[in-house]
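Peer 1: model the structure of this input:
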Amino acid sequence: ILYVLFLVFAINIAAQAQNITVSGTVKDKQSKEGLAGVSVTIKGQTDGTASSGDGSFSFTTSAKVPFTLVASYVGYGTVERQVTGNTAGINIELETAVTLGGDVVVSASRTPERILESPVSIERMSAASIREIAAPSFYDALNNMKGVESSMQSLTFKSINTRGFNSNGNTRFNQYIDGMDNQAPGLNFSVGNIVGITELDIDNVELLPGASSALYGAGGINGTLLMTSKDPFKYQGASFQYKTGVNHVNDDNSSVQPFNQLDVRMAKSWNNKFGVKAAFSFLQAKDWMGTNYSNFDRNARTFKSGDRNSDTNYDGINVYGDEVSQNLRNVAQTFESGVRSGLLAASSNAFDPRAVLNLVPAGSSYQTYLGFINANVPAVLRPATINQYLPLYFGLNTPGVIPNQNISRTGYLEQDLVDYDTKSLKASGAVYYNITNTIQAVAQANWGTGTSVYTGSDRYSLRNFNIGQYKLEVKGQDFSIKGYTTQERSGDSYISSILGSYINESWKPSGGQTGWYGQYLNTYLTSRLTGQNDIAAQSLARSQADNGRAIPGSPAYETAKQKIMNTNISATNFGTGVYGAKFDDKSNLYHYEGMYNFTNALNNVVEFQVGASYRLYDLNSAGTIFNDLTESIDINEYGAFAQIGKKMFNDKVKFTFAGRYDKSMNFEGRFTPRITGVFTVAKNNNIRASYQTGYRNPTTQNQYIDLSVGGGSQRLIGGLPEIMFGKYNLNTNKAFTDVSYRAFLASAAAGTPNPTLLQQYTFDDRGVRPESVQSYELGYKGLILPNLLIDAYGYYNIYKDFITAVDVYQNVGTLAAPTFVKFGVPVNAAGEVTSYGAALGLDYLVGNYNFSGNV
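Peer 2: Next up, the predicted model:
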């Protein structure tokens, strides 16, 4: 790259001596007033400028006459003016214009072409459209595009998708900002528009529904979104925008809250050689509040009746800490075994309290047991036998005393654990330098930070989460070379359910006879043995176990909360009482790519492009997300593509063939071909057909995650053999399927545990593998009338090795005393998964008004 820069600088210096000045005025044809900010450039070159406040323009160029000037401005028709002699006093008049089908797109074939002639379905939002959208932001307006759906996790966190299988954090859909993949390297999906282009700096948006791996590499098997920011040579000056509004209207859980957003953009160029721009955006609002406290049955995976007062095993949706649940009989059995072991040890194995009390006839009263102990147990062991062992033994062996019932801990409301005060700050800047008439260098930086709440396998509080993207690029008429990095920093982010659970553990651990469940059981047994019914005993037991509870808002609560939310998850140690809920993710992505278009060199006989790329994921979460506690994880990927296109039969037919090969260090290489055809049936009326393939590698989390979620009730692990088999032994100590585990629990709840119901789950020895798709599409786009545009398409997708996830339960205890650990593991679905669909869009132009609709 340095050699290329040196060479083009040398060319530039040599050309300086022959510069000429081009000047004139740009006016509105109807009002005759000068137009400011009009882009005036020499066709096919970078030389040009933007008109000043009175419409005048002037720039120098080394181009020789004759040449063509191109004047363009948002909301006006583009004008081309041939310059053959005098280069001063050039007057250009622009007319307001709204046209259909005239947009030029780049993303469909990575080369400029009319949108009417695109070989695949494509949607576009121009600068004029963005300026006039009836939506809070251009990102919200994406929902108006044909075939687009979205899921919204918070005000600043929206996942975009096309063609099915949407999710919170969509890994099947790619986003690019000025050619940079917008995904967070530790998440493998784009975090909405937290880091991205501000509204005043967005020039256009292009959306490719469906597979696009042949041109853009791994990912994007459901679609690719490409956003382009404004060029400082074309859009100069200062812009300011302030939006305000309200939300939480008619919200029973909150008063009406303000919504404020401020945007600023500044851009300036000099002599069409040097240009700079900077943009800032700040948003502040009260986010959606999680206040659904419905009772959820995790085993049956359904809602159930009851609340904290009526259900001892209550598990509220937006309540955290109550995921911790234990069966009361299992607790009693554990304590009974422990006390028995202590008495055996104290008597040098001479006194077995269980064997002795088994001599008492079944069904005897508590007083009968007391009399038997006083008559038959040595005096030195009598107090421990009566006070510690007898209540447990009697409760377990007398029907109706200790129920076979799960008890959950008292949790904390989400609103006491997370920050709903959403903030988003974005800043971007770029420096442009036109090295020659056709070669430009760009240095660009985008940075964004925010506080939000993300819903995935848990509720994640993203506090001061930030991502920076930094790019260097040299591009010309036929080539581009660039390198960029994405730097993800989790800031003060944490898992809300883990925070709630660990606050509970910090003020009173769950385990041990003096812990929460020990106190609960002891109080319950005492109450039952003194004649109280189950409901009264349960209420008193919870009250006693909750004695000393950290109450939200109290100094004790705030101290525990701050300590846990600022301690790494990986530092958690129950033995020493250290608890952490914080992420510490400092993962990075490094990407390098180059592309060359040989079309001009081949005299436009055929269109021919080639390109190659290299990518490095550097995962570094200090063990808080990935299996990287001792060292960071690197993932290397590389790929290359070629595309050839040819127009035939008097330009009535165009065929394009493309193919790409990609290789990730953890998986076999993949070849993804694409074949497209465009058939012109009449002027401005085209039928398109395509066969496209795509694939996506398992995400970095699919491969290496090792994270406790659900308040500690589940562990998400990566699907690579080194994690599943090497660390958690799921090949030698096989886990049980979710369905069979729930059947086993049902048998245990009925009083007759049946281990034969448990069915083992066998994982593929290869681990999780890349997912692929084959997509067939047929479409039509055309102007039926000069003011009526129709776009229709149908598609059929076939997915292979579709990546999904399974829940399994591994017994780390014994069959007699099982202890199950729940794992969430990514796997490939067996067989094929298919999807299909169709869409229709209409644009109708009446004067300067454009009416659009789609289904």
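
Peer 1: pLDDT score for A10?
Peer 2: With respect to pLDDT, A10 scores 39.

Peer 1: over to the one 5 residues further on?
Peer 2: Confidence per residue is given as pLDDT, and for A15 that number is 41.

Peer 1: ditto for L757
Peer 2: 93.

Peer 1: residue contacts, S835?
Peer 2: Taking CB atoms under 8 Å, 6 or more residues apart in numbering as the criterion, S835 is in contact with R163, G164, F165, Y796, N797, Y799. For glycine as for every other residue, the C-beta is placed from the backbone atoms N, C-alpha and C.

Peer 1: doesn't it fall inside a strand?
Peer 2: Yes - per DSSP: H, G, I helix; E, B strand; the rest coil, S835 lies within a strand segment.

Peer 1: follow-up on the earlier one: what's the farthest-apart pair in the contacts of S835?
Peer 2: Greatest spacing in the contacts of S835, by CB to CB: F165 and Y796 (14.6 Å).

Peer 1: show me where the protein dips below the pLDDT cut-off.
Peer 2: Applying pLDDT under 70 to the chain flags residues 1-18, 97-99, 102, 108-110, 192-193.

Peer 1: ok, what's across the strand from F851?
Peer 2: Y844 (DSSP bridges).

Peer 1: ignore the last one, I20
Peer 2: With DSSP bridges as the criterion, I20 is bridged to T61.

Peer 1: contacting residues around it?
Peer 2: Each residue near I20 by CB under 8 Å, 6+ apart is listed here: T60, T61, S62, A63, V65, T87.

Peer 1: before we move on, the earlier item: which one's more surrounded, F165 and Y796?
Peer 2: The neighbour count for F165 versus Y796, taken as other CB atoms under 10 Å, is higher for F165 (17 against 14).

Peer 1: now do the closest residue to that one other than its chain neighbours against S613, distance only.
Peer 2: Among residues not flanking F165 along the chain, R172 sits closest, at 6.0 Å (CB to CB, 6 or more residues apart in numbering). Distance, R172 to S613, by CB to CB, to the nearest Å: 20 Å.

Peer 1: out of these two, which sits in the busier spot?
Peer 2: Ranked by neighbour count (other CB under 10 Å), R172 and S613 place R172 first, with 24 against 19.

Peer 1: surely the more buried one meets N222?
Peer 2: Yes - assessed by CB atoms under 8 Å, R172 is found in contact with N222 at 4.1 Å.

Peer 1: so what sits against both of the two?
Peer 2: By CB under 8 Å, 6+ apart, the residues touching both R172 and N222 are N161, F165.

Peer 1: residues near V380, how many?
Peer 2: Residues near V380, counting by other CB under 10 Å, number 10.

Peer 1: for G577, same thing?
Peer 2: Neighbour count of G577, defined by other CB under 10 Å: 10.

Peer 1: OK, contacts around the residue lying closest to it once chain neighbours are set aside?
Peer 2: Closest residue in space to G577, ignoring its immediate chain neighbours: S506 at 7.2 Å, by CB to CB, 6+ apart. S506 makes contact with A550, A560, K563, I564, G577, Y579, according to CB under 8 Å, 6+ apart.

Peer 1: apply 10 Å and report the result again.
Peer 2: Going by CB atoms under 10 Å, 6 or more residues apart in numbering, S506 touches A550, A556, Y557, T559, A560, K561, K563, I564, G577, V578, Y579.

Peer 1: check S151 too.
Peer 2: By CB under 10 Å, 6+ apart, the contact set of S151 is F157, K158, S159, I160, N161, N166, S167, N168, G169, N170, T455.

Peer 1: which SS state does it fall under?
Peer 2: Of the three states, S151 takes strand under three-state DSSP.

Peer 1: now the closest residue to it other than its chain neighbours: which helix or strand?
Peer 2: In space, and not counting its chain neighbours, S151 is closest to S159: 4.9 Å by CB to CB, 6+ apart. According to DSSP states H and E, S159 maps onto strand 157-162.

Peer 1: can you give me how far that strand is from the chain middle?
Peer 2: Centroid displacement of strand 157-162 relative to its chain, using CA atoms, centre = their mean, to the nearest Å, is 9 Å.

Peer 1: what pairs with that strand, and is each one parallel or antiparallel?
Peer 2: Here strand 157-162 has these sheet partners by DSSP bridges: strand 148-154 (antiparallel).

Peer 1: sorry, back to before: now the element after the strand holding S159, going C-ward?
Peer 2: strand 173-177.

Peer 1: give the pairing partners of that following strand; include direction for each.
Peer 2: Using DSSP bridges, strand 173-177 pairs in its sheet with strand 180-181 (antiparallel), strand 223-229 (parallel).

Peer 1: of the ones you listed, flag the one that's most buried.
Peer 2: For the strands paired with strand 173-177, the largest average neighbour count (mean count of other CB atoms under 10 Å) is found in strand 223-229, namely a mean of 24.

Peer 1: elements contacting whichever helix or strand comes after that one?
Peer 2: Downstream of strand 223-229, the next assigned helix or strand under DSSP H and E is strand 237-247. For strand 237-247, the elements it packs on are strand 257-270, strand 274-286, judged by 3 or more CB pairs under 10 Å, 6 or more residues apart in numbering; DSSP states H and E.
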